[in-house]
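Peer 1: sequence and predicted structure below; questions after.
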Amino acid sequence: MEYRHTPVLPAEVTKYLSLHPGSIVVDCTLGGAGHAKRIADSIAPTGTLVGIDQDDAALIAAADTLRLGRQIILKKGNFSELDRLLSEAGIAYADGFLFDLGVSSPQLDVVERGFSYHDEAPLDMRMDPAGGGLTAADVVNTYSEAELTRIIREYGEERWASRIAAFIVAARARRPVQTTAELVGIIKDAVPASARRGGPHPGRRTFQALRIEVNQEIHVLEQGLRSAVRWLVPGGRIVVISYHSLEDRVVKRVFSELASGCECPPELPVCTCGKVPVLRIVTRRPVVPGPQEIEENPRARSAKLRAAERV
Ligand SMILES: C[S@@+](CC[C@H](N)C(=O)[O-])C[C@H]1O[C@@H](n2cnc3c(N)ncnc32)[C@H](O)[C@@H]1O
């Protein structure tokens, strides 16, 4: 099947990565290699691109897009395991990292992967279906009502979280919830009709929450960012595109923590914590797509790009 994903903020990614021929760049979320292709062109002929994705379908598509050679290395894995993946790739440092978070268009569009609330499919939502691990069906059918409420509220920012969790628990007592359409039906029953009118699809927030939980997206993001910064050379750049406020908050928090120095109480005469800034924040405010990009690629509408430089 053709892998169609339009890269978001492509010119801005190249600009903020500040690439030049010979750079060593790691694309931690390779997808269909839309960004990676531009990166590879900017660092040719002597640069090295390491592309990472946890999804086999993405790696197959990327291998097709990029002309594989000695200077393009593709690795399957989760960017939370960056240290191992980069050691295996045989690089000693990097001049740039890109994280273009979340799911790709093909992951959303391939019905059987269970990400979409528009179709009927098994409740899966794993970005790495080959890797085993928890599915959305496992979460929906085994988590306690309190746990479901927490993740739907926290990761979905859904005001009807406790009602949706209660309706899920009541439904699964009759029989396990197995498909996306069954879950959408339960959510529609739980959310009052007046709240459903005019807003986005009632399943949107709960589906987002389940996807984040299944793929541990918030947890792995923090691990990935901290590891990436350790591999950066001074002057090297890290660029992150996030698509919802939870992710953006993690990026902002990790960047500002790593960009700040001594944390000793002001009354201490000398610094005892020894903390020094390791990053300089390049984008004080997040960079967002313009109206034309959003019109051409509606999936770009919630994108926020932040960049920082290793000092
Ligand atoms: C938004 S898409 C990237 C699209 C890509 N930049 C392009 O231009 O084609 C996100 C990709 O990152 C992958 N991904 C998300 N989280 C990941 C993680 N923790 N580790 C490895 N890959 C991840 C997904 O499987 C997906 O293919």
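Peer 2: On my side now, so go ahead.

Peer 1: can you tell me which residues contact Asp27?
Peer 2: Residues near Asp27 by Cβ atoms under 8 Å, 6 or more residues apart in numbering: 33, 35-36, 39, 49-52, 98, 100. C-beta coordinates here come from the backbone N, C-alpha and C atoms, glycine included.

Peer 1: go back to those and keep what's next to the ligand.
Peer 2: Contacts with the ligand within those, as defined by Cβ under 6 Å from any ligand atom: 33, 35, 52, 100.

Peer 1: among the residues you listed, which ones are in helices?
Peer 2: His35 (DSSP state H).

Peer 1: pipe the ones next to the ligand among the contacts of Asp27 into a markdown table and attach neighbour count and distance to Ser242 per row.
Peer 2: Below are the ones next to the ligand among the contacts of Asp27 laid out as a markdown table (neighbours: other Cβ atoms under 10 Å; distance: Cβ to Cβ, whole Å):
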| residue | neighbour count | distance to Ser242 |
| --- | --- | --- |
| Ala33 | 27 | 20 |
| His35 | 26 | 15 |
| Ile52 | 27 | 17 |
| Asp100 | 25 | 9 |
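
Peer 1: Asp119 and the ligand, how far apart?
Peer 2: Here Asp119 is placed at a distance of 19 Å from the ligand (Cβ to the nearest ligand atom, to the nearest Å).

Peer 1: nope, Arg197 is what I meant
Peer 2: Arg197 is 31 Å from the ligand, where distance means Cβ to the nearest ligand atom.

Peer 1: can you check Gly198 too?
Peer 2: Gly198 is 28 Å from the ligand, by Cβ to the nearest ligand atom.

Peer 1: how is this structure carved up into domains?
Peer 2: Domain assignment for the chain by automatic domain parsing gives 10-106+217-310, 131-207.

Peer 1: how distant is the shortest one from the center of its chain?
Peer 2: In terms of Cα atoms, centre = their mean, to the nearest Å, the centre of domain 131-207 is set 21 Å apart from its chain centre.

Peer 1: how long is it from one end to the other?
Peer 2: End-to-end distance for domain 131-207: 21 Å, by Cα to Cα, to the nearest Å.

Peer 1: same question, the first one
Peer 2: One end of domain 10-106+217-310 to the other measures 22 Å (Cα to Cα).

Peer 1: average pLDDT across that domain?
Peer 2: For domain 10-106+217-310, mean pLDDT rounds to 95.

Peer 1: next one: the shortest one
Peer 2: Averaging pLDDT along domain 131-207 yields 95.
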